[in-house]
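Peer 1: Predicted model and sequence below, questions to follow.
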Amino acid sequence: MCRIAGLVSGSLQAKELTNIVQAMCNAMQHGGPDDEGVFVNGTAGVALGHRRLSIIDLSSNGHQPMTDTAKKAWITFNGEIYNYRQLKKELLALGAPFYSETDTEVILQAYLHWGTAAFAKLRGMFAFALYDIAGHATYLVRDTTGIKPLYYTTEGGKLMFASEVKAFKAAGVANTTDERWPVWLLSFGHIPEPFTTINGVLCLPKGHYLQWDSNGTYIVNSYANNITGNTIDKADIAKEGIYSHLLESVNRQLISDAPIGVFLSGGIDSSILTLLANAAKKQQLKTISIYFEEKAYDERPYQDAITSTVTGECYKHLVKQQDFETHLPQIIESMDVPTTDGINTWFISKYAHDAGLKAVLSGIGADELFGGYPSFSRMAYLNYLHKLPSALLSAAQLFSNDGYKRFVYLQHPTPAADYLFLRGLFTPADIAQVMNMDESQVNSILFNTLTFPRLESYDKLHAAWFETNIYMQNQLLRDTDVMSMSHGLEVRVPFLDEDFQAYVSRIKPSIRFDSGRPKKLLIDSFNAILPQTVWKRPKMGFSFPLQSWMGNSPAITDQGRYKNGASKKIIGKFKNGQLHWSRAFALYQIQGHV
């Protein structure tokens with residue numbers, strides 16, 4: 001797990017290339033504190049940079065950027081390839097030479113033997129740049145789930161890329177603000193891919209590679225395999241497969257030459273992973289948990305139900321209002337791209353790092369796969385709500401209740417509007433007032449620039465698409481990556497293993513999504529090991545008492561810092577307990593850009 005950066009330009013000298021890429025890497029030092037390196041080919045105008053967090057093959061053999069034994073290609077790689085040992089066996093049989101035990105070198109040899117077809121063979125979370133010397137081409141490649149970020153720009157006839165947006169700003173090459181980002185933040189609570197806060201700096205789509213040729217032309221292609229296989233229509237078979245495939249995923253992701261642990265919130269997903277990892281781990285497992293003074297958020301009874309059955313050290317940390325106040329500036333700085341999420345990950349990653357861990361397992365992905373969110377039950381309402389007259393939907397803006405006001409989104413016949421009805425923060429009219437814009441401008445930014453595929457029907461399978469490809473992709477995964485790496489910590493996500501996801505996708509929706517209890521199939525698959533006290537508990541998610549913490553925060557509730565009357569009124573509602581904290585937090589973050 002690392003941070004990467006690079007630049008391909010035919011108009012810059014080797015020293016200029018080096019200085020720019022070095023500046024980008026320095027801005028991301030937190031994500032790779034163990035080592036650094038820059039490779040430059042001045043003749044080709046190629047520079048690759050790397051900051052290393054050593055997890056597999058801790059020796060100097062893991063130094064990057066890395067080349068193969070014949071120096072045919074160079075790579076800078078961020079992530080983990082969980083099936084690298086199996087691929088290495090195949091490559092050795094083909095005569096590929098190796099000098100290290102790293103998964104990085106396996107990627108190099110896989111490309112040299114199989115070309116771009118190698119990308120689909122990789123199982124893991126990754127973002128890498130590979131320079132093919134003989135082919136005069138540079139490739140940017142991102143994993144099929146989008147766990148690892150990879151940003152790039154092609155402005156000015158050059159290719160520039162990095163793991164974080166702040167690296168572009170540090171280099172001073174691409175730093176013109178995209179003025180649309182506050183609108184996206186106020187509506188979605190995040191900035192949807194492929195956009196960022198900088199004009200022309202985009203996120204490479206998951207499951208895609210960008211090929212940049214020496215003449216400055218490029219293409220972006222998908223390499224992801226289409227999921228095939230017979231539909232699983234028997235619950236018992238589905239449960240057996242879920243158990244075996246998740247166990248295999250956990251075993252894969254425990255591969256590490258550095259200390260590894262588990263985030264244990266006390267919920268169903270993290271509890272399952274902890275129990276599976278504890279059974280598989282050869283050395284004692286470390287669990288990291290958080291608790292609060294606020295009783296409504298205290299999950300210690302559920303955490304204790306798991307830790308009492310596992311061996312190893314259990315680290316529990318009390319987080320208070322004062323901790324939030326003290327670290328809020330650091331949390332904002334760590335975001336890289338503005339978001340209303342990630343505070344929880346920032347804290348637990350800090351404590352995992354303090355416990356000596358370099359990698360942890362997280363339960364992200366289970367809710368999206370098995371119907372754990374309220375949107376799965378609300379989705380069906382869209383079938384009926386879209387039949388309401390437009391005038392009635394427009395009148396919803398007159399309601400004082402924010403939930404009812406979101407009905408105005410349904411005037412717009414786009415998937416983005418459907419999603420915002422389910423999860424949106426502010427309505428276009430409210431955003432227009434806050435941003436001093438026309439409502440038509442807001443609508444154009446929201447519905448003319450974002451291209452989500454149209455859903456065939458409003459059912460739970462398509463709710464899963466929304467949650468996976470918008471909320472999880474743009475918010476959970478991005479925030480988890482950047483917040484954990486701000487502490488030099490790698491977060492692994494077994495529920496998002498490619499083979500596990502492929503298996504779950506084959507399960508008949510009527511079996512996969514129970515109409516009575518969220519995630520029933522997942523719970524039933526592990527009922528032999530999962531304590532009843534955990535699976536019978538009310539769903540909380542990995543929640544912090546942010547409603548009260550932000551409500552008591554002088555920084556967030558100071559109406560004097562807000563720029564116009566609309567913003568001041570909204571914060572006034574928040575102070576009176578009439579507004580959800582996520583809306584207040586979004587408004588807080590845009591104040592320098594109104």
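Peer 2: Okay, I see it.
Peer 1: from here on, contacts and neighbour counts on C-alpha atoms
Peer 2: OK.
Peer 1: which residues touch Phe128?
Peer 2: Ile4, Ile75, Thr76, Phe77, Asn78, Tyr139, Leu140, Val141, Arg142 (C-alpha atoms under 8 Å, 6 or more residues apart in numbering).
Peer 1: State the distance from it to Thr311.
Peer 2: Taking C-alpha to C-alpha, to the nearest Å as the measure, Phe128 falls 36 Å from Thr311.
Peer 1: Asp323 too?
Peer 2: Asp323 sits 30 Å away from Thr311, going by C-alpha to C-alpha.
Peer 1: Settle it for me: which of these two has more neighbours?
Peer 2: Using other C-alpha atoms under 10 Å as the criterion, Asp323 and Thr311 rank with Thr311 on top: 15 against 12.
Peer 1: does that one belong to a helix or a strand, and which?
Peer 2: Using DSSP states H and E, Thr311 is not contained in any helix or strand.
Peer 1: That one contacts Lys281, doesn't it?
Peer 2: No - with contact defined as C-alpha atoms under 8 Å, Thr311 does not reach Lys281; the gap is 10.0 Å.
Peer 1: that older thread, now, which of the contacts of Phe128 sits nearest Asp213?
Peer 2: Using C-alpha to C-alpha, Tyr139 comes nearest to Asp213 of the contacts of Phe128, at 8.9 Å.
Peer 1: any residues touching the strand or helix carrying Gly261, and which ones?
Peer 2: Using DSSP H and E, the element containing Gly261 is strand 260-263. With contact meaning C-alpha under 8 Å, 6+ apart, strand 260-263 is reached by 254, 270, 273-274, 285-289, 348, 357-363.
Peer 1: what's the answer for stretch 324-337, then?
Peer 2: Stretch 324-337 is contacted by residues 164-166, 191, 196-197, 338, 342-343, 346, 479, 482-483, 486, 549, 553 when judged by C-alpha under 8 Å, 6+ apart.
Peer 1: what distance separates that stretch from the middle of the whole chain?
Peer 2: When C-alpha coordinates are averaged (C-alpha atoms, centre = their mean, to the nearest Å), stretch 324-337 and its chain have centres 18 Å apart.
Peer 1: next one: stretch 563-575
Peer 2: On C-alpha atoms, centre = their mean, the centre of stretch 563-575 falls 31 Å from the chain's centre.
Peer 1: tell me which residues of it are tucked away?
Peer 2: Within stretch 563-575, the residues that count as buried by 16 or more other C-alpha atoms under 10 Å are Lys563, Asn564, Ala566, Ser567, Lys568, Ile570, Ile571, Gly572, Phe574, Lys575.
Peer 1: what's the answer for stretch 332-349, then?
Peer 2: By 16+ other C-alpha under 10 Å, the buried positions in stretch 332-349 come out as 332, 334-349.
Peer 1: Stretch 182-200 too?
Peer 2: Across stretch 182-200, burial judged by 16+ other C-alpha under 10 Å covers 182-193, 195-200.
Peer 1: Where helices are concerned, which of those residues count?
Peer 2: Applying DSSP state H to those, the entries found in helices are Pro182, Val183, Trp184, Leu185, Leu186, Ser187, Phe188.
Peer 1: Need those residues in a markdown table (columns: distance to Asn221).
Peer 2: Putting these into a markdown table (distance: C-alpha to C-alpha, whole Å) gives the following:
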| residue | distance to Asn221 |
| --- | --- |
| Pro182 | 30 |
| Val183 | 29 |
| Trp184 | 26 |
| Leu185 | 28 |
| Leu186 | 32 |
| Ser187 | 30 |
| Phe188 | 27 |
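Peer 1: And the furthest pair within those residues?
Peer 2: Farthest pair in these (C-alpha to C-alpha) is Pro182 and Phe188. Separation: 9.9 Å.
Peer 1: for the helix or strand where Ala170 lies, packing partners?
Peer 2: For Ala170, the element it lies in under DSSP H and E is helix 166-171. With contacts taken as 3 or more C-alpha pairs under 8 Å, 6 or more residues apart in numbering; DSSP states H and E, helix 166-171 sits against helix 14-26.
Peer 1: And the residue nearest the centre of the chain, how far from Gly365?
Peer 2: Taking C-alpha atoms, centre = their mean, the centroid of the chain lies closest to Leu477, which sits 1.3 Å from it. Distance, Leu477 to Gly365, using C-alpha to C-alpha: 9 Å.
Peer 1: Name the SS class of Phe324, please.
Peer 2: What DSSP: H, G, I helix; E, B strand; the rest coil gives for Phe324 is helix.
Peer 1: Neighbours of it, how many?
Peer 2: By other C-alpha under 10 Å, the residues close to Phe324 number 18.
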